[in-house]
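Novice: quick one: sequence and predicted model below, then my questions.
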Amino acid sequence: MIYRGFVLTISCLLFAGSTLAEPSVPPILEIARSVQADIKDSSRFNLETCNEFLDSRLDLLRANGQSLFFEKGADAEAKKAIFETYAPEIIETFQDIRFGLRSQVASWFDLNNTNPQYRQALGECSLRLRRAMRYGRYIEESLTEWYADRRIGRLGAPGSRAGRVEAERAKAPKLVDPPHDFAKNHGPLNLIVNKEASTYSQLDTPEEKANFDIVDFAQPGDVFAVRGSTFVSAAIARIADEDGQFSHAAYVAGSKDDPENKFVVEALIETGLIITPLREWIEKQQHARVALFRGKNEYQRCYERGSRFALSRSMHLVGSEQDNYPEYGYGQYRLDRLMDSVQLRPKYRVGSDTVPYNFTMNKERNDKLFCSQVVSKSIDSAAQFDNWISLHEASYDNRDLYSMVPDRTVDEFLCGKLDLPTFPSKMSRFFNYRGQGQIHPFLASMGIDSQWTFAPSDMDIEPTAELLIEWRDFSRMQIEDVWLRKTQVVKLQDAIFEELFHQMAQNHYRVSSTFMADRIANGVQVMSYFSPLVGFQRYETEKLPEDMPIEFFKQIYMFNDTIFPKVQRGLMQKEAAEYPLRGYTMHFDEAKEHVCRAIYRDCLNNMVTAKQIDKQRLRASQFTSSSLTRFGRFAPDTDLQSCMVTGFINQGPYGLTQSVAAVPFYQISKEWVIKEHERLNCLYDDGLDQPGRAKNCSKSLYPVNTKDFEASQAALLSLPKDSCSRRDRNSI
């Protein structure tokens, strides 16, 4: 909660020179207006001041989050009514701030300037821009959810008419069809148009927004960045050192003027490289977020050439070839290759002649492709051709639709220098597992061998492309027996994987395969060689990709069948229970704290098993059966530096501190594990927080017998600061 005096103080300190308006204007709008004005002031916001400027603003937003929306008190309802009036303007102001920041930073980019200091400064500024884009979306979506519920009331239970309507709509939402007409003066708030873009489309009125057709608007060379609502999508979006909000990229190709001759070229995990008519791709999309990017100014032709190259170099595009792959439906066609450098493997089974998916995420590989790599590799390959590709007017069924003709209208030198992404994502935090310079087992299972990659979220800060429009799906979806808006679900999923990856990188948390996972993985792999279609929809795909490493599949199985549902269930139930009281999505840090505690319980559960502690003793205490269920585990090596030893004890969560570098696993007493299990269960029943019981729990269970720790000079203290409650600058 943030109080008025604090808001006014912060506003005066951070935004000196701005004048506060009448008291009825929400403080958050005053802050947003000040930032919006400062962005346009080159003396305040430039390449030299970028880091300090963005850090100060981001710290304010991160520290307060949704608590900036409105205050509590006797007049809370009156303040909410005022806030509701200003909500559309607040949302649009935050959108303009994001677009303005992006436009300003992109204007400082010079492809020909190779000065190391300049590149480093721009890179650090772009890193903070990525955070600003992430923070802005988070607040916009949370506020829109609150505003929607405020205007229309909370939807009924799944069995009610409102619930059924939302359930039906969730099956096939339209890209530009809002679930509700949120604001008559602003149009549907789930469609955002960047007025800063050089190719700004005149969508000023609600009617223009309501009639907007993305298929007509999209042009060859455009790039879609989307965020799915599955756990795989969440993992992709958050895997880099600097988290992102997109999980997939797709390339638009085809005709400029004929909507029926526009296509989407993309690389999917389950199919490899495929092509889909744009309209069908739009109609069947189920994404929570969709953003459309277009090459900026002179770079637009480079993006367009890349898309023509991708389409023209593909084989078996049209005609009877579609009959060879009827299982993919939706008008999708398999591609044999994207470029001459792709080396195709022998045909082991039907459909294996497509370009396989690149699980290594290394964009320098030429034999396989992942989603974002399709864009970068196409642009790079097109720039190397002497004869450029031109798209001829032709019908959909004409095999001569694409042909090679000379065309020298593009600055070949410029496109040849364009190496996407300008600011690639880094995964360095996973490359020092156990402090030994090893790759974390999770990444190693995928075959990842490079710290750098082209993540879909890199388009968010790509200076050679403009962000034209965004769309969010605010419809309800049912997950874990709970009905939440799709935007709520993906934000909570983001929190789960951000915390999981943090524990993997910092505390060496890992997921070991179980006997069941091994058997299922081996069985599915064998079946996949006999049938091109294996029922595999639970794992986000209709078939097991023949290029998917078996160890990676085991990781997916463990996440999807054990870890993720268990953590997600508690988090979604907590959100559903508290959202009506709070009015907005829980703070990102609070969600991460919930996940952190679940991981801590998992660590203790593993110790119980590894030390073969009598389960009857535990059942006789305060445990429930669910608290003994392990959803992840560590190998019980005698010299194991597990999360319990190197991370949680050293950092001091739940009253634990440790004065030496590490405690060998075998020196941790069974008595201590039992006591800590009891205390944790007292504090958190089945993963749902009950902080009011903390004092009584600590008194009844502490101090514990620490004699087994004396040899290693360890000490247990009584509830110091909980490291699961940390507040990171990078949160959200």
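Specialist: Noted; the coordinates are in hand. Residues are numbered from 1 along each chain as shown.

Novice: neighbours of Asp257, just the number please.
Specialist: 9 (other C-beta atoms under 10 Å). Yep, even glycine has a C-beta here, placed from its N, CA and C like the rest.

Novice: so it sits in a strand?
Specialist: No - counting by DSSP: H, G, I helix; E, B strand; the rest coil, Asp257 is not found in a strand; it is coil.

Novice: so Ser142 sits right up against Tyr584, yeah?
Specialist: Yes - counting by C-beta atoms under 8 Å, Ser142 touches Tyr584, with 5.0 Å between them.

Novice: for those two, indicate the residue with more neighbours.
Specialist: Taking neighbours as other C-beta under 10 Å, Ser142 and Tyr584 compare with Ser142 leading, 23 against 20.

Novice: any regions of the stretch 1-150 of the chain where pLDDT drops low?
Specialist: 1-23, 61-74 (pLDDT under 70).

Novice: and if you look at the stretch 301-450 of the chain?
Specialist: In the stretch 301-450 of the chain, residues with pLDDT under 70: 312-354, 384-413.

Novice: quick one: the helices in the stretch 101-250 of the chain?
Specialist: With DSSP state H, counting those that start in this stretch, the ranges of helices along the stretch 101-250 of the chain come out as 116-152, 161-171, 206-210, 214-217, 231-238.

Novice: would you turn these into a markdown table with distance to Lys79?
Specialist: Below are the helices of the stretch 101-250 of the chain laid out as a markdown table (distance: least, C-beta to C-beta, whole Å):
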| stretch | distance to Lys79 |
| --- | --- |
| helix 116-152 | 12 |
| helix 161-171 | 28 |
| helix 206-210 | 27 |
| helix 214-217 | 38 |
| helix 231-238 | 34 |
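
Novice: out of these, deepest packed?
Specialist: Ranked by mean neighbour count under mean count of other C-beta atoms under 10 Å, the helices of the stretch 101-250 of the chain are led by helix 231-238, which reaches a mean of 23.

Novice: how about the contacts made by the closest residue to Leu54 other than its chain neighbours?
Specialist: In space, and not counting its chain neighbours, Leu54 is closest to Arg128: 4.0 Å by C-beta to C-beta, 6 or more residues apart in numbering. Taking C-beta atoms under 8 Å, 6 or more residues apart in numbering as the criterion, Arg128 is in contact with 50-51, 54-55, 58.

Novice: between the residues you listed, which is nearest Phe588?
Specialist: Leu58 (12.8 Å; C-beta to C-beta).

Novice: element containing that closest one, please.
Specialist: helix 50-64 (DSSP states H and E).

Novice: that helix packs against which elements?
Specialist: Packing contacts for helix 50-64, counted by 3 or more C-beta pairs under 8 Å, 6 or more residues apart in numbering; DSSP states H and E, involve helix 4-14, helix 27-39, helix 116-152.

Novice: what is the mean pLDDT for stretch 487-504?
Specialist: For stretch 487-504, mean pLDDT is 88.

Novice: which one of the helices and strands packed on helix 50-64 lies closest to Asp367?
Specialist: Of these, the one closest to Asp367 (C-beta to C-beta) turns out to be helix 116-152, at 29.6 Å.

Novice: now do that closest one and helix 27-39, the angle between them.
Specialist: 150 degrees (axes from the mean of the first three to the mean of the last three C-alpha atoms, to 10 degrees).

Novice: Met558 contacts Leu500, correct?
Specialist: No - look at Met558 against Leu500 with C-beta under 8 Å: they stay out of range, at 11.8 Å.

Novice: what about these two, which has more around it?
Specialist: Taking neighbours as other C-beta under 10 Å, Met558 and Leu500 compare with Leu500 leading, 26 against 22.

Novice: what about the closest residue to Pro421 other than its chain neighbours, distance to Lys417?
Specialist: Counting by C-beta to C-beta, 6+ apart, the nearest residue to Pro421 once its immediate chain neighbours are dropped is Asp458, at 3.8 Å. Shown here: Asp458 relative to Lys417, a distance of 18 Å by C-beta to C-beta, to the nearest Å.

Novice: and Asn261, by the same measure?
Specialist: Distance, Asn261 to Lys417, by C-beta to C-beta: 31 Å.

Novice: same thing with Ala465?
Specialist: With C-beta to C-beta as the criterion, Ala465 and Lys417 are 15 Å apart.

Novice: now do Asp149
Specialist: Asp149 is 49 Å from Lys417, by C-beta to C-beta.

Novice: repeat that for Ser450.
Specialist: Distance from Ser450 to Lys417, by C-beta to C-beta: 22 Å.

Novice: before we move on, what about Asn358?
Specialist: Asn358 is 24 Å from Lys417, by C-beta to C-beta.

Novice: so the two - more neighbours on which side?
Specialist: Applying other C-beta under 10 Å to Asn358 and Lys417 shows that Asn358 carries more neighbours, namely 27 against 13.

Novice: isn't the more buried one right up against Ala267?
Specialist: Yes - if you go by C-beta under 8 Å, Asn358 and Ala267 touch, sitting 7.3 Å apart.

Novice: between these two, what contacts are shared?
Specialist: 369-370, 373.

Novice: for the stretch 151-300 of the chain, which segments count as strands?
Specialist: Counting by DSSP state E, counting those that start in this stretch, one finds strands in the stretch 151-300 of the chain at the ranges 191-193, 223-227, 248-254, 262-268, 272-277, 289-295.

Novice: Serialize those to JSON lines and add fields for mean pLDDT, mean neighbour count and distance to Ala234.
Specialist: Shown next, in JSON lines, are those (pLDDT from 0 to 100; neighbours: other C-beta atoms under 10 Å; distance: least, C-beta to C-beta, whole Å):
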{"stretch": "strand 191-193", "mean pLDDT": "83", "mean neighbour count": "22", "distance to Ala234": "22"}
{"stretch": "strand 223-227", "mean pLDDT": "97", "mean neighbour count": "26", "distance to Ala234": "9"}
{"stretch": "strand 248-254", "mean pLDDT": "94", "mean neighbour count": "25", "distance to Ala234": "12"}
{"stretch": "strand 262-268", "mean pLDDT": "89", "mean neighbour count": "24", "distance to Ala234": "17"}
{"stretch": "strand 272-277", "mean pLDDT": "84", "mean neighbour count": "22", "distance to Ala234": "22"}
{"stretch": "strand 289-295", "mean pLDDT": "95", "mean neighbour count": "24", "distance to Ala234": "12"}
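
Novice: in TSV, list those along with distance to Pro424.
Specialist: TSV is the format used below for the strands of the stretch 151-300 of the chain (distance: least, C-beta to C-beta, whole Å):
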stretch	distance to Pro424
strand 191-193	26
strand 223-227	15
strand 248-254	13
strand 262-268	17
strand 272-277	21
strand 289-295	16
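
Novice: to Asn113, which of those lies closest?
Specialist: strand 289-295 (19.3 Å).

Novice: strand partners of that closest one, parallel vs antiparallel please.
Specialist: strand 223-227 (antiparallel), strand 465-472 (antiparallel) (DSSP bridges).

Novice: tell me how the chain divides into domains.
Specialist: Listed by automatic domain parsing, the domain ranges of the chain are 1-153+177-181, 478-513+561-725.
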